[in-house]
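Enquirer: one predicted model, sequence on top.
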Amino acid sequence: MALPLSTPITRSRVAFVEKSSRAILKLVPELRPVAGQRASDRIFYGVIGAILVVGLLGILGINILLGSDAVRIKNLKLEAIQLAEEREAARREISRISDPENLARRASALGMVENNNIKFILMRPEVATKAGE
């Protein structure tokens, strides 16, 4: 189905721009104060100032919380380092006490004597027997 040919719209560009700009401007409300009332910027500045003060106080509070957490983390790291050093000192002490030479010296100090009659038990593998014999 073909569209019928009609005469082209011959509006001038200026008329089109004027009409379209009027339509757009009608969408925007008038920003003039109502007769008898005076527009005040104090309320606007007060709201902006209050938002600014609340924002700054919020940032200050967050900064204080982060600072206290940083101090707590630092203390925990120092405590972890101290515990690691104590654990390493305990391991060195256990290693020193369980040294074979030190154990022998302490055993002789307690009155133990060395066994000179050492006998070994030789474990020989059993001879495998066939099943059914």
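Expert: Arrived safely. Numbers count the residues shown, from 1 in each chain.

Enquirer: next one: Ile94 from Glu88, what distance?
Expert: In this view, Ile94 and Glu88 are 11 Å apart by C-beta to C-beta, to the nearest Å. C-beta here means a position set from N, CA and C on the backbone, and glycine is covered the same way.

Enquirer: now Val71
Expert: 26 Å.

Enquirer: over to Lys119?
Expert: In this view, Lys119 and Glu88 are 42 Å apart by C-beta to C-beta.

Enquirer: same question, Gly61
Expert: 41 Å.

Enquirer: report the mean per-residue pLDDT for whichever helix in the chain runs longest.
Expert: In the chain, with assignment by DSSP state H, the single longest helix is helix 42-97. Regarding helix 42-97, the rounded mean pLDDT is 93.

Enquirer: packing partners for it?
Expert: If contacts are counted by 3 or more C-beta pairs under 8 Å, 6 or more residues apart in numbering; DSSP states H and E, helix 42-97 sits against no helix or strand.

Enquirer: again, only using 10 Å
Expert: helix 100-109 (3 or more C-beta pairs under 10 Å, 6 or more residues apart in numbering; DSSP states H and E).

Enquirer: got the angle between the helix it packs on and helix 42-97?
Expert: 60 degrees (axes from the mean of the first three to the mean of the last three C-alpha atoms, to 10 degrees).
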